[in-house]
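> Here's my sequence, what's the structure:
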Amino acid sequence: MDVKLKNFLGMKPGKYLFILYSILIAAILFFLLVYPGLKNSGSVVVFSSDPELTSVWSDTTYVGATPCKAFFPKGSYTITFKKNGFETKEVSIQVKGRIFFSRFIPRKLKVDAQLALTQPDAIIQNAYTEFATYGLINSFSERYQPQPVLTEAVKDLAKYQDKAKVEAFLLEALKNAYNDYLLKDFINAYSLLKDGKLPAQDDNALAAAAARLLSGRGDALCHICACPGKIGEAAAQGAGTKQPALAAKVSPKAGDLTVLDMHFTEVSAGTYLLGHQGQNGAFNEADPSPYTKEITKVYISEQITIDQYEQFVKENPQWEIKPEYSLQSADKVHVSNVSWSAAQAYCQYLTDRLPADLKAKYSFRLPTEYEWEAYAQGGKESPQTLWDWCQNWYAPAETFYKDNVPETFTGAEKAVRGGGRQAWVRGCQSPDWATPFLGFRIVLSEK
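Alright, predicted model coming up:
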C-alpha cells in the first residue's frame, strides 16, 4: 500500500500527511483570521452622547440609544443624533476595515455627540404626560415596571438654569404617583435635582430621603405617606404619628378614572369565569355553561348619554340621528337609535381628542362581548333598558364560547349585550341597524 501511495504522489506518506495537515490548518486559519475581514470589511462603531439615551440613526435606519454600538461595513455614513428637547446633530463618519483578526479584534471607531438643550419645556411636558399615563395603570410588578421618566427628565435638564421650574414640575407630577414604583422614580428625580445624586435604593432610605427633601412641604409629603406600598408605609412611620392634616384628604388610587370628562371603570387583567355559573349543560346563546377567558385590562364607560352624543353630532353632523327616529331613548337619558358605524365614529372622535402622547398609546373602541360580560359580572352593570353594541361580529355559540373565533372572522351581524337581561345573554343586530332600545358604551385601552 505504501508503495502504491508513494508511486501515486511521488512522496513518502509521512511527508504527504504533513503537507495535507498544513493545508488544512492554513485553510482553517484563513477562514478564521482572514476571510471574515474580506467578506465583511468594516468596524464596530461605538456611540456616546451627552445627554445619554439619545437615539442614533444611520440615514433612515435606527441604530440604538446611547451608549450603544453596532457593526458598520466599510464606507461613508451620515449619523444623526436625536432627542426630544435637544438640537439634532449630524456627524459624517468614514468607516475603515481590517483584514486580519477582524473576527476576534474588530476595528473600532468612537463617535461622541454633545447636544445643546433647546426646548426644556418639551422635555417637561413629555415627561409629565408619560408619568401621568403610568398613573392610570394599577398592575405593575417586578416583571413589568414603568420607565424612570422623571429621573431621566432631570438628567436631561441638568444644565437647565431654571431649577425652580423643574422642582415645580416634579411636585406636580407627584400627584400621579400612586404606587411604590412611581414614588421611587419621583424620589430619585427629586434627590438628583436637590443633591445631585441618587439616594440608597432600599425602601427605608427612599422614604427618609423623601422626608428630608420635602421637609416643609406637607402637601407633597402627605401624598407619599398616604400611598399604599412599602415606601408609603416607611414614609408615614418616618413622619411620626402626627402627619400633616392634608394626609387625611389623600386616598389611595382607585380603579376608576376620568378621561375627557367621562367616567370609566377598570376591568382588571386576569382569567374570568364567564357564562351562567349555575348552568351545567351545553353551550347555547340562551343559557351557556361556564367558561374561562383571559382578558387584558381595559376601562369601560357608562352608557353614552344623549348630551354626550349631541356634542359629537355638532362637530360631525353626518352622524346625526335620522329624523324618523327620536333622539330620546327608552330611558330618556342615554342615546339610542345609533348604528354600530356611528358608535365607531364616536370612538374615533374621542380618540382624536386625546393629547398627542396619550393618543400614541391609547384609543377608544367598543367593548368585546368578553369584556362587556366581565364588566357586568363584577356588579358594575347599572340598571339599564338599552342593549349595548359590542366590537366583535356575532359568532355561533359553539365557536364563541370555546374561543375558537378566528381573528379574520366576519359575520352578518354585530353582537349586542345588556337590555336588562342577565350578563351572559347574547344578542345580535345588523351593524347598520338603529333602534330605540340599542345604545353603546366605550372602552379605553392600550393600542
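> Any regions of the stretch 251-400 of the chain where pLDDT drops low?
Along the stretch 251-400 of the chain, segments meeting pLDDT under 70 span 251-255, 277-287, 323-331, 378-383.
> so where do the strands sit in it?
257-259, 262-267, 270-274, 291-295, 298-301, 362-365, 387-393 (DSSP state E, counting those that start in this stretch).
> With respect to Ser41, which of these lies nearest?
strand 362-365 (46.8 Å; Cβ to Cβ). In this view, the C-beta of every residue, glycine as well, is placed from N, C-alpha and C.
> That closest one pairs with which strands?
According to DSSP bridges, strand 362-365 forms sheet pairs with strand 443-446 (antiparallel).
> Next, the buried residues of the partner strand.
Val443, Leu444, Ser445 (16 or more other Cβ atoms under 10 Å).
> would CSV of those with distance to Glu87 and pLDDT be doable?
Shown next, in CSV, are the buried residues of strand 443-446 (distance: Cβ to Cβ, whole Å; pLDDT from 0 to 100):
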residue, distance to Glu87, pLDDT
Val443, 40, 97
Leu444, 36, 94
Ser445, 36, 92
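> can I get those residues in JSON lines with distance to Asp357?
Converted to JSON lines, those look like this (distance: Cβ to Cβ, whole Å):
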{"residue": "Val443", "distance to Asp357": "20"}
{"residue": "Leu444", "distance to Asp357": "15"}
{"residue": "Ser445", "distance to Asp357": "16"}
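> Now do the domain split for the protein, please.
Domain ranges of the chain: 2-38, 40-114, 120-249, 257-446, per automatic domain parsing.
> May I have the distance across the last one, first residue to last?
Separation of the first and last residues of domain 257-446 by Cα to Cα, to the nearest Å is 15 Å.
> distance between that domain and the chain's centre?
In terms of Cα atoms, centre = their mean, to the nearest Å, the centre of domain 257-446 is found 23 Å from the chain centre.
> Equivalent analysis for the third one, please.
Averaging C-alpha positions (Cα atoms, centre = their mean) puts domain 120-249 21 Å from its chain's average.
> Quick check: mean pLDDT of the strand or helix carrying Cys225?
When elements are assigned from DSSP states H and E, Cys225 belongs to helix 218-226. Computed over helix 218-226, the mean pLDDT rounds to 70.
> still on that earlier bit, can you redo the strands of the stretch 251-400 of the chain as TSV with mean neighbour count and distance to Val91?
Putting those into TSV (neighbours: other Cβ atoms under 10 Å; distance: least, Cβ to Cβ, whole Å) gives the following:
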stretch	mean neighbour count	distance to Val91
strand 257-259	14	42
strand 262-267	19	47
strand 270-274	15	49
strand 291-295	15	48
strand 298-301	22	45
strand 362-365	20	36
strand 387-393	23	48
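> Ok, which of these comes nearest Ala65?
strand 362-365 (23.7 Å).
> which other residues reach that closest one?
With contact meaning Cβ atoms under 8 Å, 6 or more residues apart in numbering, strand 362-365 is reached by 133, 344, 347-348, 350-351, 354, 391, 442-447.
> now these in JSON lines, with distance to Lys108?
Shown next, in JSON lines, are these (distance: Cβ to Cβ, whole Å):
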{"residue": "Thr133", "distance to Lys108": "39"}
{"residue": "Gln344", "distance to Lys108": "54"}
{"residue": "Cys347", "distance to Lys108": "52"}
{"residue": "Gln348", "distance to Lys108": "50"}
{"residue": "Leu350", "distance to Lys108": "51"}
{"residue": "Thr351", "distance to Lys108": "47"}
{"residue": "Leu354", "distance to Lys108": "45"}
{"residue": "Gln391", "distance to Lys108": "52"}
{"residue": "Ile442", "distance to Lys108": "54"}
{"residue": "Val443", "distance to Lys108": "51"}
{"residue": "Leu444", "distance to Lys108": "48"}
{"residue": "Ser445", "distance to Lys108": "45"}
{"residue": "Glu446", "distance to Lys108": "40"}
{"residue": "Lys447", "distance to Lys108": "39"}
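> And those, which two are furthest apart?
Counting by Cβ to Cβ, the most remote pair of the contacts of strand 362-365 is Thr133 and Gln344, 24.2 Å apart.
> Low-confidence stretches in the stretch 1-150 of the chain?
For the stretch 1-150 of the chain, the stretches with pLDDT under 70 are 1-22, 25-40, 97-105, 136-143.
> hey, where'd the strands end up in it?
For the stretch 1-150 of the chain, strands defined by DSSP E, counting those that start in this stretch occupy the ranges 42-50, 55-58, 61-65, 68-73, 75-82, 89-95, 108-114.
> Save those strands as a markdown table, and put in mean neighbour count and distance to Glu371 too.
Below are these laid out as a markdown table (neighbours: other Cβ under 10 Å; distance: least, Cβ to Cβ, whole Å):
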| stretch | mean neighbour count | distance to Glu371 |
| --- | --- | --- |
| strand 42-50 | 18 | 44 |
| strand 55-58 | 18 | 36 |
| strand 61-65 | 13 | 35 |
| strand 68-73 | 15 | 40 |
| strand 75-82 | 15 | 38 |
| strand 89-95 | 13 | 46 |
| strand 108-114 | 14 | 46 |
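> still on that earlier bit, save the strands of the stretch 251-400 of the chain as JSON lines, and put in distance to Asp307 too.
Formatted as JSON lines, the strands of the stretch 251-400 of the chain follow (distance: least, Cβ to Cβ, whole Å):
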{"stretch": "strand 257-259", "distance to Asp307": "16"}
{"stretch": "strand 262-267", "distance to Asp307": "11"}
{"stretch": "strand 270-274", "distance to Asp307": "32"}
{"stretch": "strand 291-295", "distance to Asp307": "30"}
{"stretch": "strand 298-301", "distance to Asp307": "14"}
{"stretch": "strand 362-365", "distance to Asp307": "18"}
{"stretch": "strand 387-393", "distance to Asp307": "18"}
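> of those strands, which approaches Thr54 most closely?
Counting by Cβ to Cβ, and looking across all of the strands of the stretch 251-400 of the chain, nearest comes strand 362-365 at 26.5 Å.
> Can you show me the CA trace of that closest one as PDB?
These are the backbone C-alpha positions of strand 362-365, laid out as PDB (Å, rounded to 0.1, in the frame of the first residue of the first chain):
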ATOM      1  CA  TYR A 362     -54.400  54.600  23.900                       C
ATOM      2  CA  SER A 363     -57.600  54.700  21.800                       C
ATOM      3  CA  PHE A 364     -61.300  54.300  22.300                       C
ATOM      4  CA  ARG A 365     -63.300  51.500  20.900                       C
END
